[in-house]
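> Build me a model from this:
(2 chains)
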Amino acid sequence: MVPLAIHEFKTHNLLRCSVDDMGMDVESIRKDFPILDRKLPNGKQLVYFDNAATSQKPQCVIDAMSEYYSEYNSNAHRANHTLADEATTALEGARKSISSFFGTSPEQMVYTSGATEAINLVSYGWARENLSSGDVIVLTEMEHHADIVPWQQLSKEKGVEVRYVPIDTDSFTLDMDAFEVAVSGASLVCVVHTSNVLGIRNPIERIVELSHSQGARVLLDCAQGAPHERISFDQSGVDFMAISAHKMGGPTGIGCLLVKRDAMEQMTPFMTGGSMIKTVSVEGSTFQEGHAMLETGTPRIAEAIGWGAAVEWLDRHDMKEIHSHINRIASWTAEQISEIDGITVYGDPTRGDSSGAVSFLHDSIQSQDLALLLDEGGFAVRTGHHCAQPLMDALGVPSTNRASFWLYNTMDEAEAFVEHLRYVVDRFSDK
Amino acid sequence: MDDGRRWPEQLDSIVEEFSSCFDSMERYELLFQYAKRNPSPLPVEEWDDRNQVHGCQSRAHVSCDLDDEGQFVLRGGADAQIVQGLIAVTAIAVNGMSPSYVAAMSPEFADSMGIRSSLTPSRANGFLNMFKRVQEEASSLSGRT
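Here you go, the predicted structure:
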């Protein structure tokens, strides 16, 4: 059986997909993403299901960055000429839009290259100053390597103890009883908002409450959560929040660390050099304060402007509708593929709070092979350990395939994906 | 290769078999079949850091040696069937040849089979990394003959 091409697939569903059941006009949204019309070299229509790795960018983001380079490219914060003023205004305007989107003030936001640098900034800029031998950091088995390796390095250097909270491999959720034990006496809790592998949202509110009751600060890795949920930094109560732009419609190479005022006062510069100083003489240097002290060198101006455009674009949509739309696709897809012979789904997208990541593995078609065979049908999915090897160890698998959805994906695409996956399994699995 | 051949004679029918495939899916299916009947496997127990091919997305291992007659022997294995199939075809190409022949051989046969063009860049690089590793070992072994 040869699967239908996406353009041939169940045309009666097109009407349903053009206006989502929840009222979201997906077809209109898709028009903002020119790449979604792309055909692959083999002629197949691209179906992009690798959104947890990076999302596609709306045209307004591409235009905003292009406009900066073609009309007012200049360094920010450094000169008095018109272009420099325009660049600085745009950079700081983006900071205002982004911080507002995350429910806080621009003063609490430090531009970084992404969530990884944001976490490293906490490690180098706060933890090295404020933690010492014997202090405890709590992580979870669900963390991305970006939220594990910096703490292992700190542990080597400073002798801090790192505790890992396990997951319950039946429910794929954090073992909160174990968390309550682990957090006792902790100074810092680093936890992922939503797992990039399982799509599971952690009980952040409870984690913050338990952590603060022990006097521990909380670092929340929102790389996966931010594209799916309207997160308010101020309301969340967390002390540090790491965010990447490129998973939420923004460009690569930009992100931020949101920091509570009192925590920022305890920070020292991660990097030193231009831009972050007040004065420099041969005798020594004095530094600026707040986020200015923590942003060294020429900022990523175009990227920040692009991210600002992305959050303004997202702000025009209802995040709850987006979340429901993605959940519906993820839940349906997980149910369908779990019925295919040999496939195991890791995570539970039917819980209703999924970020749209559906991880799965076939028992005889190796994940890299499966990804290639899916790509042949036009379907872009991620394969590997997803930079979460401790979680892979807990699940007892070396890798998974992962289909991850965002607001522009449709049920038609999901149906075509399931159909192609059935075809591949039928043709290539051991029987 | 003195006779102008671009690959050993035993590959002719395989190149023909792959190049006449209807599409990439059929080529992959054929690679799966070659993976299953890998004529020169390297058992998983023998996989170690020394024989691992780096640069492959999946795990691949190759071990090269000479037989009693001084001819080249490649044994290999991979966790992915497509890579294992590529190793199997390469083994058919190089086994029984002199190590100096293997060291000088071109990976062009993969292009003629239509394999490289249907692989993602990382897979194609993985194939080339594996082939380069085999050639390096052949070059080293040719000094022993």
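> Quick check: mean pLDDT of the helix or strand where A:Val138 lies?
Assigned by DSSP states H and E, A:Val138 belongs to strand A:136-140. Strand A:136-140 comes out with an average pLDDT of 98.
> in chain A, which helix or strand is least confident?
Across the helices and strands of chain A, mean confidence by mean pLDDT, DSSP states H and E is lowest for helix A:12-18: a mean of 38.
> what about A:Tyr164, how many neighbours?
A:Tyr164 is flanked by 17 other residues according to other CB atoms under 10 Å in any protein chain shown. Any C-beta I mention is one placed from the backbone N, CA and C, and that applies to glycine too.
> Strand partners (parallel or antiparallel) of the host helix or strand of it?
Secondary structure assigned from DSSP H and E places A:Tyr164 in strand A:161-165. Strand A:161-165 sits in its sheet next to strand A:136-140 (parallel), going by DSSP bridges.
> Report all helices and strands that the next helix or strand after the partner strand contacts.
Remark: after strand A:136-140, the chain's next helix or strand is helix A:149-158, criterion DSSP H and E. On a contact count with 3 or more CB pairs under 8 Å, 6 or more residues apart in numbering or on different chains; DSSP states H and E, helix A:149-158 meets helix A:115-122, helix A:128-130, strand A:136-140, strand A:161-165.
> so where's chain A shaky on pLDDT?
Residues of chain A that meet the criterion pLDDT under 70 lie in A:1-23, A:431.
> For it, what lies in contact range of chain B?
Within chain A, the residues that sit near chain B (CB under 8 Å from any CB of the partner chain) are A:42, A:365-366, A:368-369, A:372-373, A:375-376, A:383-384, A:398, A:427-428.
> Would you map the helices across chain B?
With helices called from DSSP state H, chain B shows them at B:12-19, B:24-36, B:81-94, B:99-104, B:108-112, B:121-142.
> do you know which of those lies nearest A:Met142?
Closest to A:Met142 of the helices of chain B is helix B:121-142 (CB to CB; 26.7 Å).
> Just give me the residue closest to the centre of chain A.
In chain A, the residue lying closest to the centroid (CA atoms, centre = their mean) is A:Ala223, at 2.5 Å.
> who's in contact with the nearest residue to it once chain neighbours are set aside?
The spatially closest residue to A:Ala223, leaving aside those adjacent along the chain, is A:Ala115, at 4.1 Å (CB to CB, 6 or more residues apart in numbering or on different chains). By CB atoms under 8 Å, 6 or more residues apart in numbering or on different chains, the contact list for A:Ala115 reads A:Ala146, A:Asp221, A:Cys222, A:Ala223, A:Ala242, A:Ile243, A:Ser244, A:Gly255.
> With B:Ala80 instead?
B:Ala80 touches A:Gln366, A:Gln368, A:Asp369, B:Gln57, B:Ser58, B:Arg59, B:Ala60, counting by CB under 8 Å, 6+ apart.
> any idea how far B:Ile14 is from it?
The gap separating B:Ala80 from B:Ile14 is 20 Å, by CB to CB, to the nearest Å.
> cool, A:Pro150 as well?
In this view, A:Pro150 and B:Ile14 are 49 Å apart by CB to CB.
> Also A:His81?
For A:His81, the distance to B:Ile14 equals 67 Å [CB to CB].
> Neighbour count for the two, which is higher?
For A:His81 versus B:Ile14, neighbours defined as other CB under 10 Å are more numerous around B:Ile14 (19 against 10).
> Show me where the stretch 201-350 of chain A has its helices.
A:204-213, A:233-236, A:261-264, A:291-294, A:301-315, A:319-338 (DSSP state H, counting those that start in this stretch).
> Quick one: closest of these to A:Gly352.
Among those, the nearest to A:Gly352 by CB to CB is helix A:319-338 (6.1 Å).
> Give the buried residues for that closest one.
Judged by neighbour count using 16 or more other CB atoms under 10 Å in any protein chain shown, the buried positions of helix A:319-338 are A:319, A:322-334, A:336-337.
> For that helix, name the packing helices and strands.
For helix A:319-338, the elements it packs on are strand A:343-346, strand A:357-362, helix A:411-428, judged by 3+ CB pairs under 8 Å, 6+ apart.
> if you compare these, which one is most tucked away?
Ranked by mean neighbour count under mean count of other CB atoms under 10 Å in any protein chain shown, the helices and strands packed on helix A:319-338 are led by strand A:357-362, which reaches a mean of 27.
> can you give me the offset of that strand from its chain's centre?
Mean-position distance between strand A:357-362 and its chain equals 18 Å (CA atoms, centre = their mean, to the nearest Å).
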